[in-house]
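1. Could you work out the structure for the sequence below:
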Amino acid sequence: MAEQIADVTPGPSWPAANWLNQGGALIAHDPALGQRFIGEGIKRLPELGLAWFNLGLALHQRKRIPAAIRAYRQALRCQDAPRNEAFNNLAQDLLLNGQFQEGWKLYEHRLQRQPVERYSSYLQHFGQPWQGFEDPRPCEALILVAEQGFGDTLQFCRLIPTLQSLDLRTNFVCQEPLAGLLRHGSRIGTISLMLGNHAPHTRWCPLLSLPQRLNLNAGTIPTPEGYLQPCARRINAWAQQLQRTPGKRLIALHWQGNPKFERKLYSKGRSMPFEAWLGLRDLKNVEFLSIQKGAGAEQRRDDAGLAFVAGQQAFDASFNFEDTAAALANCDLLLTADSSVAHLAGAMGLPTWLALSHVPEWRWGLDGRHTPWYSSVRLFRQPRPGAWDAVVEAMGQALQNGGPA
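-> Numbers count the residues shown, from 1 in each chain. Prediction:
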C-alpha cells in the first residue's frame, strides 16, 4: 500500500475519504505518514468515529500512548465509532500507560468481542459473571475460567490463592496443557478441564476479570518472586538428560510465540527470528538450550555457531509444560521473546531476560528494566521498531559483564 501512495499527489482538493483510506492503509507499515493522512481527513470530517479510531492506532504504533488514549476517547464520543474495538484498545493503552483502575474496568469490554457461545454454559448455569465481593448474590464457591493464551493463564492464576485466603472456595477451569503443571506445582487447589458438578451459590468469573474485581495495581500484585515449583523428580531427571558441561553457564533460548496471537496490530511483532540470537556466538563458557516448540522451531540451525547442550535432542522430544518447566529449572538464565515461556519462567522465579518490541504489550509498561509482575525478569526494549539486533547486543554485553544478575 505504501508504494501506491508514492504515485498519488495529495492536495487540498483531495476528498476526506481519500485521506482517511490511504492513512488507514499505512498504519501498519508507516504509522507516521498514516497519522498525517488521517489527520488531514479528520480536518474535513471531524465527527467520524472510525477516523479517530484509526488515528489512535497510528499513534499507538508510534508509541505515543497518551495521545492514542485521547484519540480513542474522542472516537467513543462519535456515534459511528467501532465501540467494542475502541474500548478494547483504549483499555490496553491505559494499562500500558500505568492507569490500572480505569484500564481494568474498560478491559471488561473484551468479553463483548468474544463469541456468545464461549461462555454460554456458564451463563446458563450461573448467570452473569461474579462482580467481586460487592456482588449482592451469595457466593460460596467460585469457578475461574481460563481465557486467551497460556501466558495469560500463567500470569493471572497467581490471583486465585488470594481469593482462597479470603475464604472463597475456587475451582479453576484451565487449558489441558497447563493442568498438570498447575496441579502439582502451585497452590491453586482444585483444577478442572471442563464445567462439572457444582454446589449451591456457585458463581463464575473469567480469569482476566480478577484484576478488576480485586482492584489490582502495580503495588498490590501478589507473589512477584514466583509461585510455580516444578516437580523435583522431573528437575533431577532433566539434570541427567541435559548433560551440562561443567564450568559453563546454561542459557535457554526462546524466540517465537503462538502466531495466531500476533495477527492483530496490538500484538504484532512480539516474536523475533532465531537468527537474532546469532549475535551471542562469541560468548565464552556458555552453552544453550533451545526450548522452542512448534511454530518457529524450524528456524533453528545447529550449525549456526551457537553451542547447544548435549541433551538438546532429548528436550526436542519432550512434549509438555511440566518437562519445559523442569528443564528450565536446570538453566542459569532464559533469554526469550514475549511469549508464554516468559511467564512460565517468571512464575518460577527463574532469571529471565525478556526481549520486547518497540511498542510492547500492555502488561510490560512503556519503559524501565523491571516489571512488578515478576521480580526475576529483566526487560530489554527495542530502541526502535524491529531492532532485535540492538536488544541482543545489549543482552550480550550484560552477559559479558557477568549476568544474569
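2. Please identify the helix or strand for Ala28.
-> Per DSSP states H and E: Ala28 is located in neither a helix nor a strand.
3. so who does the spatially closest residue to Ala67 that is not a sequence neighbour touch?
-> Spatial nearest neighbour of Ala67, excluding adjacent residues (C-beta to C-beta, 6 or more residues apart in numbering): Leu59 at 4.6 Å. C-beta: built from backbone N, CA, C; applies to glycine. Counting by C-beta atoms under 8 Å, 6 or more residues apart in numbering, Leu59 makes contact with Pro31, Gln35, Ile65, Ala67, Ala68, Ala71.
4. ok, now Tyr374?
-> Residues in contact with Tyr374 (C-beta under 8 Å, 6+ apart) are Pro224, Gly226, His343, Gly346, Ala347, Gly349, Thr352.
5. Return the entry from the contacts of Leu59 with the maximum number of neighbours.
-> Among the contacts of Leu59, Ala71 has the most neighbours (other C-beta atoms under 10 Å), with 28 neighbours.
6. Could you check the pLDDT of that residue?
-> For Ala71, the model assigns a pLDDT of 98.
7. for it, phi and psi?
-> The phi/psi pair for Ala71 (degrees, to the nearest 10) reads phi -60, psi -40.
8. Just give the closest residue to it, not the sequence neighbours.
-> Closest residue to Ala71 apart from its sequence neighbours, by C-beta to C-beta, 6+ apart: Gly56 at 3.8 Å.
9. same check, this time on Tyr107
-> Nearest to Tyr107 is Ala91, by C-beta to C-beta, 6+ apart, at 4.1 Å.
10. hmm, back to that, for the contacts of Tyr374, which one is nearest Glu47?
-> Using C-beta to C-beta, His343 comes nearest to Glu47 of the contacts of Tyr374, at 42.0 Å.
11. mind checking how far the closest one is from Asp303?
-> 31 Å (C-beta to C-beta, to the nearest Å).
12. Between these two, which is the more surrounded one?
-> His343 (27 against 5).
13. quick one: average pLDDT of whichever strand or helix holds that one?
-> Assigned by DSSP H and E, His343 falls within helix 340-348. For helix 340-348, the mean pLDDT works out to 98.
14. List the buried residues of that helix.
-> Ser340, Val341, Ala342, His343, Leu344, Ala345, Gly346, Ala347, Met348 (16 or more other C-beta atoms under 10 Å).
15. Which pair in the contacts of Leu59 has the greatest spatial separation?
-> Maximum pairwise distance in the contacts of Leu59, criterion C-beta to C-beta, is 13.6 Å, between Gln35 and Ile65.
16. Apart from its neighbours in sequence, what residue is nearest Leu193?
-> Counting by C-beta to C-beta, 6+ apart, Leu193 lies nearest to Glu176, which is 5.4 Å off, once chain neighbours are set aside.
17. Settle this for me: the one you found is touching Ile191, isn't it.
-> No - counting by C-beta atoms under 8 Å, Glu176 sits too far from Ile191 to count as a contact (10.3 Å).
18. Quick check on the two: which one has the bigger neighbour count.
-> Each of Glu176 and Ile191 has its neighbours counted (other C-beta under 10 Å); Ile191 has more, 22 against 9.
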